[in-house]
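Student: Sequence first, predicted coordinates after that:
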Amino acid sequence: MKSSFVKRLTLAASVMLIGGSAAAQVKIAYIDPLSGPFANVGDAGLKGFKEAAEILVNQKGGIMGQKLEFTGFDNKGSPQETQIQLKAAIDQGFRFVTLGNGSGAAHSLIDAVNKWNARNPDKTVLFFNYAAVDPTLTNEKCSFWHFRFDANTEMKMEAISNFMEKDKSIKKVFIIGQDYAHGHQVAKYTKEMLAKKRKDIKIVGEDLHPIGRVKDFAPYIAKIKASGADTVMTGNWGNDLSLLIKAAKDAGLKARFFTYYAGGLGTPQAMGAAGENQVLQLTEWHMNVPTKNTEKFAQDFNKKYPGIWFYYLRVNNMVEMVAKAMNTAKSTDPKAVALALEDMRFQNDTGEVWMRKSDHQAMQPLYISIFSKADGKTVKHDSEGTGYGWKTLASISQRDSQLPTSCIMERP
Amino acid sequence: MEFVVMSLLNGITYGLLLFMLSSGLTLIFSMMGILNFAHASFYMLGAYFAYQISTWIGFWPGLLVAPLVVGAVGAAIERYGLRRAHRFGHVAELLFTFGLAFLVEEIVHLIWGKVAVDYRIPVELDGTLFTLFDTSFPIYKGFMMLISVGMLLALYMLLTRTRIGLIIQAALTKPDMVEALGHNVPRIFMLVFGGGTALAGLAGVIGGNAFVTEPGMAAAVGSIVFVVVVVGGLGSLGGAFVASLLIGCIQTFSVAMTLSITDVFALVGISLPEGSQVARLTITQLAPVLPYVLMVAILIFRPRGLMGARES
């Protein structure tokens, strides 16, 4: 009697154990600002990842039958806090982390991941970078444990400066950016590339402002205006971009803005009609790039999360490529996943995304677009309910976006 | 020229907003001797209340109601919290307001979330007031100036032309005497605290939609208002006014300077070694630090502030 009870108990326990592992998930820690001045950016990103995991992976059978899940860890945008959150994630059993906002935080994370993996070769961690674009992360500081799914600043500036080269109306350029790695890199590559391609263009000013702390950009706009610039180049993101554009609109500044991130997170609303034919962006996708599935995905997303507009195709790319790598490797071990992800060629809605093996930098088609009145034809969809949307001016093929790398990768 | 005028206008607008924030702090500080660390939290509450009210009944009623609600909250906190803490001395008071600032931030997180709320300028005030040279000046900035100047006048009239103002002024310097004359000094303190926080609330109502209404907005202005109070001098509304405008203009104009540290030293005939990281910093990059440099300088050379009535 007693022994059969014990037997039953053991049976129940083992059923629970097996049941537990069958429902196990592949967990990815999302380390990004969920409070502070960039909370809106981090929040939108997390919702994007959760939605992509659900629609693109879990509803199609998951990863070897397991569900893919994203959990938020708030790094408050700070490099120090990023390391603390990485530690917390590792302690909770996470073996995959993703981060996008802030190259400062990305530098901190890549260092911490490298160090951890060197000391714990049996418990390695893999870092998927979906938006930190400092070129050094795939050049001098490249790591086997880091993969970047967004084009880096060097690639973006190459595309933008090629575009500027042909536009003879550009004579005076003002560079404004956030005072940290990313802002510095944008300024550096803008100056270098314009000096090579268009010697006649004058850089009439260059300003770096504290990141996330300026609430009134009017003084900066007054300075841009006084410089006589006809074009402004900025890598700003989040509120630093929407407030900048809002101040430019208030002061009636008639310069054209070349941006990375004007397509989302409140910036279209901040510019409204004043942004028409004034603001350009370089992205891997926008709502008016004709696609098969992404358009519907975006519309469903916008309906599900009112107030947030789907904007990052690279989030979807990352989720699908990571799932594909795990399914191909038939493993969720970080090293096996990394080996399967290297050199992967993935067909997405806009073309082929290739994860270059030598530096772990994704190559993908890019688009330069301008804010224009929605007309139901070329500008089929407006952005954030403003009546204005993005019109493609130039497409850069995946092959043309490729640049050489100086990466010498240490491989395990 | 265009640049100087526009920068001046921007500086004055910002300065006036700062004044609205710090006038309440100066009043409370000089009268009750309380360094209210939570003062900027009332600024934030003003913005959030106004946002909430604007989603129900519109911006204009909110402009009036939100500061009153903030003032009532402030008065209640003084009556039921601060007055008790007061019995245990200044350190207890200081710690009380310090804790209060964190508490308010967490409450804001709980109610409105960690992400900025969509508190917008009303359509009537969204546009261009006038165009100077060819830079436009937004209506809303004019509106902000109008409200701050109006408030300054009202405050001045209240303090100098009314009976309650006389009593407040008297209680400022000789609370024991005023009490001996039969006035209820604790109630006056409560009114001043409520009034001071209502002013901060009003600043929040018009500052929240001009900039961003987010849980970090209190921390962003929290330290700068203390600079205003120290630079202006204790117990001096006039000093706070001058200091606010001064700091507003310093912030705006320093952004505009293209000089680097090397250039500044070159002006006085000292040449710095080439290539050092510090020497290449521009005044623009130093802009956020300058108010604090001013504060330290004032504390060293004129501890009672520009127009301070007393030293402590």
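Tutor: Thanks, I have the structure now. Numbers count the residues shown, from 1 in each chain, chains lettered A, B, ... in the order given.
Student: Please count neighbours and contacts with C-alpha atoms only from this point.
Tutor: OK.
Student: mind listing what's buried in stretch A:264-276?
Tutor: A:264-276 (16 or more other Cα atoms under 10 Å in any protein chain shown).
Student: contacting residues around residue 170?
Tutor: All of this refers to chain A. Each residue near residue A:170 by Cα atoms under 8 Å, 6 or more residues apart in numbering or on different chains is listed here: A:164, A:201, A:230, A:231.
Student: nope, chain B please
Tutor: residue B:178 are the contacts of residue B:170 under Cα under 8 Å, 6+ apart.
Student: what helix or strand does it sit in?
Tutor: helix B:163-173 (DSSP states H and E).
Student: immediately after that helix, which helix or strand?
Tutor: Tracing the chain past helix B:163-173, the next element assigned as helix or strand by DSSP H and E is helix B:175-180.
Student: who's in contact with that next one?
Tutor: B:167, B:170, B:171, B:185.
Student: and that helix, average pLDDT?
Tutor: Across helix B:175-180, the average pLDDT comes to 84.
Student: For it, buried residues please.
Tutor: B:175, B:178.
Student: about what we covered before: check the contacts of residue A:170 and tell me the two furthest apart.
Tutor: A:164 and A:230 (12.2 Å; Cα to Cα).
Student: Could you report the neighbour count for residue 218?
Tutor: The chain I'm using is chain A. 26 (other Cα atoms under 10 Å in any protein chain shown).
Student: if you could check chain B rather than the one you did, that'd help
Tutor: Neighbours around residue B:218, by other Cα under 10 Å: 22.
Student: Residue A:302 contacts residue A:296, correct?
Tutor: No. With contact defined as Cα atoms under 8 Å, residue A:302 does not count as touching residue A:296 (9.8 Å).
Student: These two - which one has more neighbours?
Tutor: residue A:302 (16 against 11).
Student: Skipping its backbone neighbours, what lies nearest the more buried one in space?
Tutor: residue A:309 (5.2 Å; Cα to Cα, 6 or more residues apart in numbering or on different chains).
Student: For the spatially closest residue to residue A:207 that is not a sequence neighbour, pull up the helix or strand it's in.
Tutor: Of all residues not flanking residue A:207 in the chain, residue A:176 sits nearest, at 4.8 Å (Cα to Cα, 6+ apart). Taking DSSP H and E as the definition, residue A:176 sits inside strand A:172-178.
Student: cool, and residue A:205?
Tutor: Short version: residue A:205 belongs to strand A:202-209, going by DSSP H and E.
Student: What residues does chain B have near chain A?
Tutor: Residues of chain B lying close to chain A by Cα under 8 Å from any Cα of the partner chain are B:2-3, B:6-7, B:10, B:114-116, B:127-128, B:134-138, B:211-212, B:214-216, B:220, B:252-253, B:255-256, B:284-285.
Student: if you look at those residues, which of them are in helices?
Tutor: B:2, B:3, B:6, B:7, B:10, B:220, B:252, B:253, B:255, B:256, B:284, B:285 (DSSP state H).
Student: Which members of those are classed as buried?
Tutor: Here, 16+ other Cα under 10 Å leaves B:3, B:6, B:7, B:10, B:220, B:252, B:253, B:255, B:256, B:284, B:285 buried among those.
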